[in-house]
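[1] sharing a sequence plus its predicted fold:
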Amino acid sequence: MNKVEQWQLAVRRKLPLEQKIAMSLNRIRAWDQFWDLVSVSFSGGLDSTALLHLVRSILPDTQAVFVDTGLEYPENKQLVKSTENVLIIKPKKKFRQVIEQYGYPVVSKRYSQYIREVRNSKGYTATKRLRLTGYNSKGEFSAKSMIPKKWQYLIQSPFKINDRCCFWLKKQPLRKIEKMGYMPFVGTRAAESNQRAQSYYRYGCNAFDMKHPRSTPLAFWTDQDILDYIRIFNVPYSKLYDMGYKRSGCMFCMFGLPFEDSPNRFQRMKLTHPKHWKFCIEKLGLGPVIEYIGCQWNIVQPTLPGFEKMIFGLPE
């Protein structure tokens, strides 16, 4: 285990890209020397695109693995199909099956989990008290352990809420790859969430001691580092990012939606992918769910201020 202090992460984030590349390559070599087989989890998004290019710059035969959940943007899938040596796997369940059986993914993975636990609690259990008040059985308070009062009304929502999408659509299929002997490189970064930052503090980039070991050699990179790397090395990327998108992820996921500026991902989807938008709003029933969590899914204007802004291509 290689623990990292917060100040160390802050220092590493400010390093020039050239130095970050050298540090990441060292972590990639250190990971590779301990395993017979390594792979790169490749989604077609910017982070995994940069990671795959970096890994293959020194390990050219590295296997890329793409989980076809059915929720990927078509532009990302097109990039995956045009990339060499990519193993495509599919989950046992489809998104529709997951939401019907377990519920919708809303607000955040953590809060969806907490809401599920409260709903499944019979009586006023210790877990229910913790999730509603933040106090454990010892009387100790933890704000991170409770559902914020702003979101406690979701406990009474007319639809099921759950956090199991990521498990069934991504983690469970990738367990098959691990059983084949592959130890993955993953493109997650500490800047993306507090949970990922905490994982970096605890394990560093190469998490040998995790239950499911993984390497995150870009963990200390910033958004700008990823963009600069792709530009400098002329790495082929998904054309989704020339349509105003800054992130991709699963098209129909509602995690983080309440914290997005307008146009949010669903409003943007109506303009760029109207068939997908109609399917998720009408066929999967996401419209009422999005409204219930206080967000918008429709848009009237044919264009939006700033909609044409590109991450790549023409300068703003």
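    Nice, I can see it.

[2] quick one: the helices in the chain, in order.
    Remark: helices assigned in the chain by DSSP state H are 6-13, 17-32, 46-56, 74-81, 95-101, 109-120, 126-133, 165-166, 172-179, 194-203, 223-232, 265-272, 274-278, 286-292.

[3] looking at those helices, which is buried most?
    helix 46-56 (a mean of 23; mean count of other CB atoms under 10 Å). All C-beta spots, glycine's among them, are computed from the backbone N, C-alpha and C.

[4] C-alpha coordinates for that helix, PDB please?
    Extracted in PDB, the C-alpha atoms of helix 46-56 (Å, rounded to 0.1, in the frame of the first residue of the first chain):
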ATOM      1  CA  LEU A  46     -11.300  11.000 -23.200                       C
ATOM      2  CA  ASP A  47      -9.600   9.700 -20.000                       C
ATOM      3  CA  SER A  48      -9.500   6.000 -21.200                       C
ATOM      4  CA  THR A  49      -8.500   7.200 -24.700                       C
ATOM      5  CA  ALA A  50      -5.500   9.000 -23.300                       C
ATOM      6  CA  LEU A  51      -4.700   6.100 -21.000                       C
ATOM      7  CA  LEU A  52      -4.800   3.500 -23.700                       C
ATOM      8  CA  HIS A  53      -2.400   5.600 -25.900                       C
ATOM      9  CA  LEU A  54       0.000   6.100 -22.900                       C
ATOM     10  CA  VAL A  55       0.000   2.400 -21.900                       C
ATOM     11  CA  ARG A  56       0.600   1.300 -25.500                       C
END
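
[5] follow-up on the earlier one: just send the helices of the chain back as JSON lines, with mean pLDDT too.
    Below are the helices of the chain laid out as JSON lines (pLDDT from 0 to 100):
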{"stretch": "helix 6-13", "mean pLDDT": "94"}
{"stretch": "helix 17-32", "mean pLDDT": "97"}
{"stretch": "helix 46-56", "mean pLDDT": "98"}
{"stretch": "helix 74-81", "mean pLDDT": "97"}
{"stretch": "helix 95-101", "mean pLDDT": "95"}
{"stretch": "helix 109-120", "mean pLDDT": "95"}
{"stretch": "helix 126-133", "mean pLDDT": "95"}
{"stretch": "helix 165-166", "mean pLDDT": "92"}
{"stretch": "helix 172-179", "mean pLDDT": "91"}
{"stretch": "helix 194-203", "mean pLDDT": "88"}
{"stretch": "helix 223-232", "mean pLDDT": "96"}
{"stretch": "helix 265-272", "mean pLDDT": "94"}
{"stretch": "helix 274-278", "mean pLDDT": "97"}
{"stretch": "helix 286-292", "mean pLDDT": "97"}
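
[6] which residue is the nearest non-sequential neighbour of the residue nearest the centre of the chain?
    Nearest to the mean C-alpha position of the chain, by CA atoms, centre = their mean, lies residue 249 at 5.9 Å. Excluding its sequence neighbours, the residue lying closest to residue 249 (CB to CB, 6 or more residues apart in numbering) is residue 45, at 7.1 Å.

[7] next one: residue 143
    Among residues not flanking residue 143 along the chain, residue 134 sits closest, at 5.6 Å (CB to CB, 6+ apart).

[8] correct me if wrong: the one you found contacts residue 148.
    No. Counting by CB atoms under 8 Å, residue 134 stays clear of residue 148, with 9.6 Å between them.

[9] show me which of these two is the more surrounded one.
    residue 134 (16 against 11; other CB atoms under 10 Å).

[10] measure that one to residue 28 for me?
    With distances taken as CB to CB, to the nearest Å, residue 134 is found 40 Å from residue 28.

[11] what of residue 54?
    7 Å.

[12] now do the domain split for this protein, please.
    6-93+166-241, 106-156, 251-316 (automatic domain parsing).

[13] tell me which of these sits nearest to residue 99.
    The closest approach between residue 99 and any of the domains of the chain, judged by CB to CB, belongs to domain 251-316 at 6.9 Å.

[14] distance check, residue 216 against residue 189.
    Taking CB to CB, one finds residue 216 at 7 Å from residue 189.

[15] should've said residue 39
    With CB to CB as the criterion, residue 39 and residue 189 are 19 Å apart.

[16] again with residue 221
    According to CB to CB, residue 221 stands 6 Å off from residue 189.

[17] more neighbours: which of these two?
    Each of residue 221 and residue 189 has its neighbours counted (other CB under 10 Å); residue 221 has more, 28 against 22.

[18] what sits against that one?
    13, 20, 24, 189, 191 (CB atoms under 8 Å, 6 or more residues apart in numbering).

[19] do residue 285 as well
    Residue 285 sits next to residue 159 when contact means CB under 8 Å, 6+ apart.

[20] how about it, phi and psi?
    Residue 285 adopts backbone torsions of phi 70, psi 30, taken as degrees, to the nearest 10.
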